[in-house]
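Engineer: quick check, what structure comes out for this input:
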Amino acid sequence: MLTFNPTGHVYELDGKILPSVTQVLNVVPLNFCCPATVLAAAQERGTHVHAATAYDDEATLEEVSVRPEILPYLVAWRKFKIQTCFVPRVIEKIGANRKLGYAGTLDRIGTVGKRHWLVDIKTGVPDARTCLQTAAYAELDEIKAEFPVLDRYSVELRDDGTFRMSERFKSATDFRVFQAYLAVYNFERGRK
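Structural biologist: Next comes the predicted model:
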(Lines give C-alpha, C1' and ligand atoms only; values in the text may rest on other atoms or scores of the structure.)
Protein backbone atom coordinates (compact mmCIF):
# COMPACT_ATOMS: atom_id res chain seq x y z
CA MET A 1 0.00 0.00 0.00
CA LEU A 2 1.23 3.49 -0.89
CA THR A 3 1.11 6.15 1.82
CA PHE A 4 2.21 9.76 1.95
CA ASN A 5 3.23 11.69 5.05
CA PRO A 6 3.06 15.42 4.22
CA THR A 7 4.99 16.41 7.35
CA GLY A 8 8.22 14.85 6.15
CA HIS A 9 7.15 14.68 2.50
CA VAL A 10 7.70 10.91 2.64
CA TYR A 11 6.19 8.33 0.31
CA GLU A 12 6.20 4.76 1.57
CA LEU A 13 5.23 1.69 -0.44
CA ASP A 14 4.81 -1.56 1.49
CA GLY A 15 7.27 -0.39 4.14
CA LYS A 16 9.86 0.93 1.67
CA ILE A 17 10.52 4.67 1.39
CA LEU A 18 10.46 5.90 -2.20
CA PRO A 19 11.99 9.14 -3.45
CA SER A 20 9.56 11.75 -4.69
CA VAL A 21 9.68 13.14 -8.21
CA THR A 22 10.84 16.44 -6.70
CA GLN A 23 13.65 14.78 -4.73
CA VAL A 24 14.83 12.99 -7.84
CA LEU A 25 14.88 16.18 -9.90
CA ASN A 26 16.71 18.08 -7.17
CA VAL A 27 19.67 15.68 -7.35
CA VAL A 28 21.03 17.91 -10.13
CA PRO A 29 20.45 21.48 -8.95
CA LEU A 30 19.76 24.27 -11.38
CA ASN A 31 22.06 27.27 -11.37
CA PHE A 32 19.67 29.23 -9.22
CA CYS A 33 20.45 31.01 -5.99
CA CYS A 34 17.62 31.89 -3.69
CA PRO A 35 17.85 32.87 0.00
CA ALA A 36 16.38 30.22 2.29
CA THR A 37 13.76 32.62 3.68
CA VAL A 38 12.51 33.47 0.18
CA LEU A 39 12.39 29.80 -0.77
CA ALA A 40 10.50 28.89 2.41
CA ALA A 41 7.94 31.65 1.79
CA ALA A 42 7.48 30.48 -1.81
CA GLN A 43 6.96 26.88 -0.67
CA GLU A 44 4.40 27.97 1.93
CA ARG A 45 2.57 30.06 -0.67
CA GLY A 46 2.54 27.10 -3.05
CA THR A 47 1.09 24.84 -0.34
CA HIS A 48 -1.73 27.31 0.35
CA VAL A 49 -2.47 27.86 -3.35
CA HIS A 50 -2.59 24.12 -4.01
CA ALA A 51 -4.99 23.64 -1.12
CA ALA A 52 -7.25 26.52 -2.19
CA THR A 53 -7.41 25.37 -5.81
CA ALA A 54 -8.04 21.76 -4.77
CA TYR A 55 -10.90 22.73 -2.47
CA ASP A 56 -12.26 24.98 -5.19
CA ASP A 57 -12.14 22.16 -7.74
CA GLU A 58 -13.91 19.86 -5.26
CA ALA A 59 -16.55 22.56 -4.65
CA THR A 60 -15.77 22.53 -0.91
CA LEU A 61 -13.89 25.83 -0.64
CA GLU A 62 -15.12 28.38 1.85
CA GLU A 63 -13.74 31.46 0.16
CA VAL A 64 -13.66 33.45 3.42
CA SER A 65 -10.98 30.99 4.60
CA VAL A 66 -8.60 32.00 1.79
CA ARG A 67 -5.85 34.37 2.90
CA PRO A 68 -5.90 37.68 0.96
CA GLU A 69 -2.45 37.08 -0.52
CA ILE A 70 -3.59 33.70 -1.90
CA LEU A 71 -6.82 34.95 -3.49
CA PRO A 72 -5.22 36.31 -6.71
CA TYR A 73 -3.74 32.86 -7.42
CA LEU A 74 -7.18 31.30 -6.97
CA VAL A 75 -8.64 33.89 -9.35
CA ALA A 76 -5.92 33.00 -11.88
CA TRP A 77 -6.75 29.28 -11.56
CA ARG A 78 -10.43 29.97 -12.16
CA LYS A 79 -9.57 32.06 -15.23
CA PHE A 80 -7.41 29.21 -16.55
CA LYS A 81 -10.29 26.75 -16.20
CA ILE A 82 -12.77 29.08 -17.90
CA GLN A 83 -10.51 30.15 -20.77
CA THR A 84 -9.33 26.62 -21.59
CA CYS A 85 -12.58 24.80 -20.70
CA PHE A 86 -10.51 22.60 -18.37
CA VAL A 87 -12.66 20.32 -16.20
CA PRO A 88 -10.69 18.76 -13.30
CA ARG A 89 -11.19 15.00 -12.92
CA VAL A 90 -8.24 13.95 -10.73
CA ILE A 91 -7.10 16.29 -7.97
CA GLU A 92 -3.83 16.05 -5.99
CA LYS A 93 -3.38 12.32 -6.68
CA ILE A 94 -0.52 10.34 -5.16
CA GLY A 95 0.95 7.47 -7.08
CA ALA A 96 4.05 5.35 -7.53
CA ASN A 97 6.00 3.79 -10.32
CA ARG A 98 6.65 0.47 -8.65
CA LYS A 99 9.01 -0.84 -11.32
CA LEU A 100 11.35 2.16 -11.15
CA GLY A 101 10.82 2.93 -7.46
CA TYR A 102 9.65 6.53 -7.20
CA ALA A 103 6.45 8.31 -6.17
CA GLY A 104 4.76 11.67 -6.43
CA THR A 105 1.63 13.73 -6.20
CA LEU A 106 0.34 15.18 -9.43
CA ASP A 107 -1.73 18.34 -9.28
CA ARG A 108 -4.51 17.76 -11.81
CA ILE A 109 -5.79 15.64 -14.62
CA GLY A 110 -8.76 17.08 -16.42
CA THR A 111 -10.54 17.09 -19.71
CA VAL A 112 -10.57 19.69 -22.43
CA GLY A 113 -13.00 18.44 -25.02
CA LYS A 114 -12.10 14.78 -25.52
CA ARG A 115 -8.46 15.17 -24.50
CA HIS A 116 -6.97 14.48 -21.08
CA TRP A 117 -4.57 17.07 -19.72
CA LEU A 118 -2.08 16.56 -16.90
CA VAL A 119 -1.53 20.02 -15.40
CA ASP A 120 1.15 21.03 -12.94
CA ILE A 121 0.28 24.19 -11.00
CA LYS A 122 3.10 26.65 -10.32
CA THR A 123 3.06 29.84 -8.25
CA GLY A 124 6.40 30.98 -9.58
CA VAL A 125 8.07 30.74 -12.94
CA PRO A 126 8.30 27.03 -13.89
CA ASP A 127 11.85 25.80 -14.24
CA ALA A 128 13.26 23.86 -17.16
CA ARG A 129 12.59 20.52 -15.45
CA THR A 130 8.80 20.86 -15.37
CA CYS A 131 8.54 18.84 -18.58
CA LEU A 132 10.44 16.03 -16.81
CA GLN A 133 8.25 16.34 -13.73
CA THR A 134 5.02 15.98 -15.72
CA ALA A 135 6.48 13.06 -17.70
CA ALA A 136 7.29 11.28 -14.42
CA TYR A 137 3.76 11.86 -13.12
CA ALA A 138 2.28 10.49 -16.35
CA GLU A 139 4.21 7.25 -15.72
CA LEU A 140 2.84 6.63 -12.21
CA ASP A 141 1.12 3.25 -12.19
CA GLU A 142 -2.18 4.65 -10.91
CA ILE A 143 -2.24 7.23 -13.70
CA LYS A 144 -0.84 5.22 -16.63
CA ALA A 145 -3.48 2.50 -16.16
CA GLU A 146 -6.39 4.94 -16.38
CA PHE A 147 -4.92 7.61 -18.67
CA PRO A 148 -2.47 6.02 -21.14
CA VAL A 149 -2.43 9.21 -23.25
CA LEU A 150 -2.11 12.60 -21.59
CA ASP A 151 -1.27 16.07 -22.86
CA ARG A 152 1.13 17.62 -20.32
CA TYR A 153 1.23 21.30 -19.31
CA SER A 154 2.22 23.63 -16.53
CA VAL A 155 0.20 26.65 -15.48
CA GLU A 156 1.91 29.53 -13.74
CA LEU A 157 -0.58 31.31 -11.48
CA ARG A 158 0.41 34.90 -10.78
CA ASP A 159 -0.17 37.26 -7.88
CA ASP A 160 -2.00 39.71 -10.15
CA GLY A 161 -4.78 37.21 -10.92
CA THR A 162 -3.45 36.20 -14.33
CA PHE A 163 -1.96 32.93 -15.53
CA ARG A 164 0.54 31.76 -18.09
CA MET A 165 0.23 28.32 -19.61
CA SER A 166 3.20 26.43 -20.99
CA GLU A 167 3.36 25.02 -24.47
CA ARG A 168 2.35 21.37 -24.49
CA PHE A 169 5.23 19.22 -23.27
CA LYS A 170 5.48 16.63 -26.02
CA SER A 171 9.07 15.46 -26.21
CA ALA A 172 9.36 11.69 -26.20
CA THR A 173 12.68 12.05 -24.40
CA ASP A 174 11.26 13.76 -21.29
CA PHE A 175 10.68 10.51 -19.41
CA ARG A 176 14.05 9.07 -20.46
CA VAL A 177 15.77 12.18 -19.11
CA PHE A 178 13.82 11.80 -15.85
CA GLN A 179 15.04 8.19 -15.68
CA ALA A 180 18.61 9.49 -16.00
CA TYR A 181 17.96 11.80 -13.03
CA LEU A 182 16.57 8.80 -11.14
CA ALA A 183 19.71 6.77 -11.92
CA VAL A 184 21.90 9.59 -10.55
CA TYR A 185 19.66 9.88 -7.48
CA ASN A 186 19.92 6.13 -6.81
CA PHE A 187 23.70 6.21 -7.37
CA GLU A 188 24.10 9.08 -4.88
CA ARG A 189 21.79 7.41 -2.35
CA GLY A 190 23.76 4.17 -2.67
CA ARG A 191 26.99 5.99 -1.82
CA LYS A 192 25.63 7.35 1.46
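
Engineer: list the contacts for R67?
Structural biologist: Neighbouring residues of R67 by C-beta atoms under 8 Å, 6 or more residues apart in numbering: H48. Every C-beta, even on glycine, is put in place using the N, C-alpha and C of the backbone.

Engineer: and it, how far is that from A41?
Structural biologist: To A41, R67 is 13 Å away according to C-beta to C-beta, to the nearest Å.

Engineer: which residues of this structure fall in helices?
Structural biologist: Ranges of helices in the chain, per DSSP state H, are 21-25, 36-57, 71-84, 130-138, 141-146, 174-191.

Engineer: so which elements touch the fifth one?
Structural biologist: Packed against helix 141-146, as judged by 3 or more C-beta pairs under 8 Å, 6 or more residues apart in numbering; DSSP states H and E, are the following elements: strand 87-97.

Engineer: swap in the longest one?
Structural biologist: On a contact count with 3+ C-beta pairs under 8 Å, 6+ apart, helix 36-57 meets helix 71-84, strand 87-97, strand 115-122.

Engineer: check the offset of the lowest-mean-pLDDT helix or strand in the chain from the chain's centre.
Structural biologist: Lowest by mean pLDDT, DSSP states H and E among the helices and strands of the chain is helix 36-57, with a mean of 88. Helix 36-57 sits 12 Å away from the centroid of its parent chain (C-alpha atoms, centre = their mean, to the nearest Å).

Engineer: ditto for stretch 172-189
Structural biologist: Distance, centroid of stretch 172-189 to centroid of chain: 17 Å (C-alpha atoms, centre = their mean).

Engineer: endpoints of stretch 55-65, how far apart?
Structural biologist: Using C-alpha to C-alpha, to the nearest Å, the end-to-end distance of stretch 55-65 comes to 11 Å.

Engineer: which residues touch it?
Structural biologist: Stretch 55-65 is contacted by residues A52, L74, W77, R78, P88, I91, R108 when judged by C-beta under 8 Å, 6+ apart.

Engineer: might one say that the last one is in contact with T84?
Structural biologist: No. Under the criterion of C-beta atoms under 8 Å, R108 is not in contact with T84, lying 11.6 Å apart.
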